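> okay, predicted coordinates and the sequence, questions at the end:
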Amino acid sequence: MKSADRVPGKLIFVTAGEANEGISAHIGNHVKIFPKNTTSIDMFGSAKYRNYEYGADDHVAVVHTENLPKYASIFVTSAIHKAAHTGKFSYAKNFYAKDADELNISLPIKDGIPDYTFMATFIRAVQKLVIKNVVRYTDKKISAYKQVSTQ
């Protein structure tokens, strides 16, 4: 859908690109609505987790991970991104939904099936580490500001 054809509205519309997580507009057009907790892959092979309903243009493939636990979906999205966003896809050679079948992603396995519990636990642990590091960074900045402001 060209920009000129988009009607302003409330539905998030995803296109290819890294800016603003690929969100190009909020539209009111009648388009297919993809469910939250899914993964989009743009024409460059960049995969993003979507925790909201959205529409997408024809340069975006959608992987239906909505039946997985949220944090397992985030893990799967990261694995897809690692496999697809390698520089292989570009304006000259776009990633299409059919290319998803060719991706080899690595997932943890338990008893011969993907271990979604481990995936969810792993992502929650990573999030906690990130939050801990942000708190440390903020504490250092506040301490430095207090030192400068008292001098």
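Here it is on my side, so go on.
> buried stuff in the helix ranked longest in the chain?
In the chain, assigned by DSSP state H, the helix with the most residues is helix 116-150. Neighbour counts over helix 116-150 (16 or more other CB atoms under 10 Å) mark 116, 119-120, 122-123 as buried. (Each C-beta comes from the backbone N, C-alpha and C, glycine too.)
> same deal with stretch 59-70?
For stretch 59-70, the neighbour count (16+ other CB under 10 Å) marks 59-63, 65, 68, 70 as buried.
> in TSV: the buried residues of helix 116-150, plus distance to Thr86 and pLDDT.
Compiled in TSV, these are given as follows (distance: CB to CB, whole Å; pLDDT from 0 to 100):
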residue	distance to Thr86	pLDDT
Tyr116	25	96
Met119	22	97
Ala120	26	96
Phe122	22	97
Ile123	22	96
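> closest one of the residues you listed to His85?
Ile123 (18.3 Å; CB to CB).
> I figured the closest one hits Tyr71, correct?
Yes. The pair formed by Ile123 and Tyr71 meets the contact definition of CB atoms under 8 Å, at 4.2 Å.
> tell me the contacts of the closest residue to Phe75 other than its chain neighbours?
Leaving aside its chain neighbours, Phe75 sits nearest to Met119 (3.7 Å; criterion: CB to CB, 6 or more residues apart in numbering). Residues near Met119 by CB atoms under 8 Å, 6 or more residues apart in numbering: 71-72, 75-76, 107-108.
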